[in-house]
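A.B. asks: Fold the following, please.
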Amino acid sequence: MLDNLPYGVGINYRPEIGDSLLKNIDYFDFIEIITDLFFLSKDIPLSLQKILTKRYCVLHGLKLSIGADEGIDLNYLKLTANIINKLSPLWFSDHLAYTKINAFDIGQLMPIRRNSYNKERVISKIKEICSSSNIPFLIENISYYFDFPDNEYSECEFIYDIIKKSGCGLLLDVNNLYINSKNHGYDPYDFLEKIDLNSIVEIHIAGGYAHDELLIDSHGHKIGKPVWELLEYLCSRITPHGIVLERDANFDIDDILESLHRAREILFTSPAYCRLTCPRKFDSKLE
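C.D. replies: Model prediction:
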């Protein structure tokens with residue numbers, strides 16, 4: 001399923017800047033849409049409707065709650081399948097986390113205790129999710145601000161095993177990786193050496209800020225130099241099919257466009273991309 005996917009740079013859709021994105025559509029190749037947006041409203045915002053006539057999309061979910069004790073919410077999965085049928089995204093994704101406890105929505109992406117029991121549960125759930133659709137499914141690494149002292153696996157070991165045994169792809173959030181490395185004291189480049197880089201289908205880039213000695217993932221600040229450096233390193237090794245800029249607050253359109261331009265430059269001039277034979281780029285959809 002991955003062999004025929006194109007390569008490009010995208011941005012997450014936010015209605016607050018929908019019109020600005022439409023005016024500057026040449027800056028991005030595809031649009032990432034929060035799946036849950038369609039659960040809240042039956043009406044697609046006009047700016048998104050217009051963008052979808054010109055650009056392909058991918059879906060990004062928030063509440064599959066893959067790490068929860070209970071099984072997959074089949075109604076959520078069914079709604080997701082309906083949206084996939086409606087929009088024909090190239091892939092869909094969600095987080096390696098839990099958002100529910102006994103069906104109660106806690107409103108946050110929470111880290112999973114990394115042990116064998118949870119690993120096998122998560123693998124089983126991902127296989128169920130993958131079998132619900134004929135497009136690739138990806139899991140994303142989250143930022144987390146506490147960890148469990150009784151973890152049996154490091155984060156990179158946990159992710160590596162889950163992807164290898166479930167058959168899903170990886171959405172690597174580089175900002176989350178950098179933030180976790182600083183907050184929990186490890187080398188992000190060592191992390192990258194211990195996962196299967198070829199499993200990366202999409203990369204998220206975003207900004208954050210420091211609060212006392214803690215780094216916070218905000219999606220509302222400029223992308224920091226260490227995140228750009230990690231992206232450049234990754235693109236020297238592998239070519240992700242998509243790099244997505246996440247911006248959810250402080251919508252400085254000039255900074256957004258500059259970041260999209262820089263990401264495109266990194267991707268399409270990278271050593272890994274230049275080594276590809278006849279790589280396919282995103283084609284604009286016809287009106």
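A.B. asks: mind listing the strands in this protein by residue range?
C.D. replies: Using DSSP state E, the strands of the chain run over 8-12, 30-34, 56-60, 92-95, 98-101, 104-110, 137-140, 169-173, 200-205, 208-211, 214-217, 242-245.
A.B. asks: From the contact counts, what lies against the second one?
C.D. replies: The criterion is 3 or more CB pairs under 8 Å, 6 or more residues apart in numbering; DSSP states H and E, and the helices and strands that strand 30-34 contacts are strand 8-12, helix 46-52, strand 56-60, strand 242-245. (Glycine included, C-beta is placed from N, CA and C.)
A.B. asks: how much space is there between Asn180 and Asp187?
C.D. replies: If you measure Asn180 against Asp187 using CB to CB, to the nearest Å, the figure is 11 Å.
A.B. asks: Looking at those two, which is more packed in?
C.D. replies: For Asn180 and Asp187, the more surrounded residue by other CB atoms under 10 Å is Asn180, and the numbers stand at 24 against 9.
A.B. asks: Now for that one: which residues touch it?
C.D. replies: 141, 143-144, 155, 186 (CB atoms under 8 Å, 6 or more residues apart in numbering).
A.B. asks: buried subset of those residues?
C.D. replies: Burial by neighbour count, 16 or more other CB atoms under 10 Å: within the contacts of Asn180 this picks out 141, 143-144, 155.
A.B. asks: now, which of these sits nearest Tyr233?
C.D. replies: Sorting the buried ones among the contacts of Asn180 by how near they are to Tyr233, with CB to CB, puts Asn141 at the top with 16.2 Å.
A.B. asks: isn't that closest one right up against Val174?
C.D. replies: No. If you go by CB atoms under 8 Å, Asn141 and Val174 don't touch, sitting 9.4 Å apart.
A.B. asks: could I get the helix or strand of the chain with the lowest mean pLDDT in PDB with only the CA atoms?
C.D. replies: The least trusted helix or strand in the chain, going by mean pLDDT, DSSP states H and E, turns out to be helix 37-40, with a mean of 79. As requested, C-alpha coordinates have been extracted for helix 37-40 and formatted as PDB (Å, rounded to 0.1, in the frame of the first residue of the first chain):
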ATOM      1  CA  LEU A  37     -14.000  17.300  13.400                       C
ATOM      2  CA  PHE A  38     -16.500  15.400  11.400                       C
ATOM      3  CA  PHE A  39     -18.000  13.700  14.500                       C
ATOM      4  CA  LEU A  40     -18.900  17.200  15.800                       C
END
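A.B. asks: Can you give the contact residues for it?
C.D. replies: By CB under 8 Å, 6+ apart, helix 37-40 touches 13, 44, 79, 83.
A.B. asks: I figured the first one hits Ile34, correct?
C.D. replies: This means Tyr13. Yes. Here Tyr13 reaches Ile34: they are 7.4 Å apart, a contact under CB under 8 Å.
A.B. asks: neighbour-wise, which of those two wins?
C.D. replies: Tyr13 (22 against 16).
A.B. asks: Sketch out the helices for the stretch 51-200 of the chain, chain order is fine.
C.D. replies: Taking DSSP state H, counting those that start in this stretch as the criterion, the stretch 51-200 of the chain carries its helices at 74-87, 116-131, 155-166, 174-184, 188-193.
A.B. asks: and stretch 53-60, how far from the chain's centre?
C.D. replies: Offset of stretch 53-60 from its chain centre (CA atoms, centre = their mean, to the nearest Å): 14 Å.
A.B. asks: and if you look at stretch 3-22?
C.D. replies: Its chain's C-alpha centre and that of stretch 3-22 lie 13 Å apart, by CA atoms, centre = their mean.
A.B. asks: do the same with stretch 78-92
C.D. replies: In terms of CA atoms, centre = their mean, the gap separating the centre of stretch 78-92 from the centre of its chain is 16 Å.
A.B. asks: List the buried residues for it?
C.D. replies: 79-80, 83-84, 87, 89-92.
A.B. asks: for stretch 130-148, same thing?
C.D. replies: Taking 16+ other CB under 10 Å as the neighbour-count basis, stretch 130-148 is seen to contain the buried residues 130, 132-133, 136-144.
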